[in-house]
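Undergrad: Below are the sequence and a predicted model for it; my questions follow.
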Amino acid sequence: MPEESNQSGSSDKDFLATFARGLDVIKSFDAESPSMTLTDLAKKNGLSRASARRFLLTLQKLGYVSNDDKHFKLTAKILDLGYSYLSSLNFTEIITPYMEGVAHQLRESCSANVLDGQDIVYIARIPRRGLIHINLQIGARLPAYATSSGRVLLSGLPTERLETFIKDTSFEALTPSTMGPEELYIELQNVKQQGYAIVDQELELGMRAVAVPVYDRRKQVRFAMNVSTHVSSHSVEQIKDEFVPVMQEAAQKMSDVLP
C-alpha cells in the first residue's frame, strides 16, 4: 500500500492520511522503543527513510521530538496532546512506588520533572496528604531557572546548550532571592559537583525545595526528583542532612530499574 494512501478507505475524502501517519509515528515510541534511529523508525512504521525523515524533522521543529546522537525520542511537550510520553516511559509502574516512599518518609510532596525549553514540566507527582496544589498537576510548567529540578537538569547540559538557555531566558525576580543569570551559572557548577540542588524562597516566598537527578542505565539524566517544604518546617541544613540522603537512595533504586 502506498505510504500516503487513505487507510480508512478511499471513499472517506475527509481523512488526512499524512496526518494519520504522523500520529502513528508518535505512537510508535513505546516502552520497547523509547528512542529510535531514523532507520528503526522507518522500519517500524513501514515508511521509506525519506518519509520517516520528513515526519521526524517536522515533529522536531514543532518541539515534540528531540534528536540525541542520531536517536530520536519524544519530548515532554507531547503531554500537550496526551499521555504518549508517560506511556513510553512507564512512569506509573516504575516511578510512583519510589516517589510514594519518599513522600511518606519525608512527609512532603514529591514530584518528577523534565526540562522542556525554558521550563520544567511535571510528569508525576505525589502531593502531601491534605494539600492540593491546583497549579502543580501533571503537565504543569514552572521556570527552570528558579526551581531545584530545573537546576539539576540544567547542570547536566553541555556548556553550549547551557549558555544558549541562559541567553534565551527572560530572568524575572520572582522573589527578592531569585538568582540572576551570572549567579545561576555559578550555582549550576556547584549543583553538578554536589549532585543536588536546593532553592530557598527563589520561586515563592516561604518555600524551600530540593531536587536530585535520576539516571537511566546509560548514565544519562532521565528526570529530576523534587521535594518541597515550607521554611517553617525545615532549615536548609536539615534539608541537606535529612532529605538529600533519602532522595538519593530512592533515585538510585529508580535508576537500577529504568530502561
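TA: Thanks, I have the structure now.
Undergrad: which residues does the residue positioned nearest the centre of the chain contact?
TA: Residue closest to the mean C-alpha point of the chain, counted by CA atoms, centre = their mean, is Val114 at 1.6 Å. By CB atoms under 8 Å, 6 or more residues apart in numbering, Val114 lies in contact with Ala76, Ile120, Val121, Ile123, Leu153, Phe223, Ala224. Heads up, the C-betas are built off the backbone N, CA and C, glycines and all.
Undergrad: Between these, which sits nearest Met36?
TA: Ala76 (17.9 Å; CB to CB).
Undergrad: and that closest one, what does it touch?
TA: Per CB under 8 Å, 6+ apart, neighbours of Ala76: Tyr85, Val114, Leu115, Asp116, Val121, Ile123.
Undergrad: What are the boundaries of the helices in the stretch 51-200 of the chain?
TA: 84-89, 91-94, 96-106, 148-155, 159-168, 181-194 (DSSP state H, counting those that start in this stretch).
Undergrad: So which of those helices is nearest Val244?
TA: Once these are compared by CB to CB, helix 181-194 is nearest, at 8.9 Å.
Undergrad: Looking at the contacts of Val114, state which has the most neighbours.
TA: In terms of neighbour count, Ile120 stands highest of the contacts of Val114 at 32 neighbours, by other CB atoms under 10 Å.
Undergrad: okay, now the domains of this structure?
TA: 17-80, 90-257 (automatic domain parsing).
Undergrad: All the strands of the protein, residue numbers only.
TA: Applying DSSP state E to the chain gives strands spanning 35-36, 65-68, 71-74, 109-116, 119-126, 141-143, 197-200, 207-215, 221-230.
Undergrad: Next, the residues that contact the first one from outside, please.
TA: Strand 35-36 is contacted from outside by Ser28, Phe29, Lys44, Asp68, His71, Phe72, Lys73, using CB under 8 Å, 6+ apart.
Undergrad: any low-confidence regions in this protein?
TA: 1-11, 82-92, 129-136 (pLDDT under 70).
Undergrad: Take the contacts of Ala76 and write them to CSV, including distance to Asp256.
TA: As requested, the contacts of Ala76 are arranged in CSV below (distance: CB to CB, whole Å):
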residue, distance to Asp256
Tyr85, 22
Val114, 20
Leu115, 23
Asp116, 26
Val121, 24
Ile123, 19
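Undergrad: how deep is the residue nearest to Asp119 when sequence neighbours are not counted tucked in, by neighbour count?
TA: Excluding the flanking residues, the one nearest Asp119 by CB to CB, 6 or more residues apart in numbering is Arg141, at 4.2 Å. Counted by other CB under 10 Å, the residues lying close to Arg141 total 17.
Undergrad: for Gln189, same thing?
TA: Neighbours around Gln189, by other CB under 10 Å: 10.
Undergrad: who are the neighbours in contact with the residue nearest to Asp119?
TA: Applying CB under 8 Å, 6+ apart, the residues contacting Arg141 are Asp116, Asp119, Ile120, Val121, Tyr122.
Undergrad: so it bridges to which residues?
TA: Applying DSSP bridges to Arg141 yields these beta-bridge partners: Val121.
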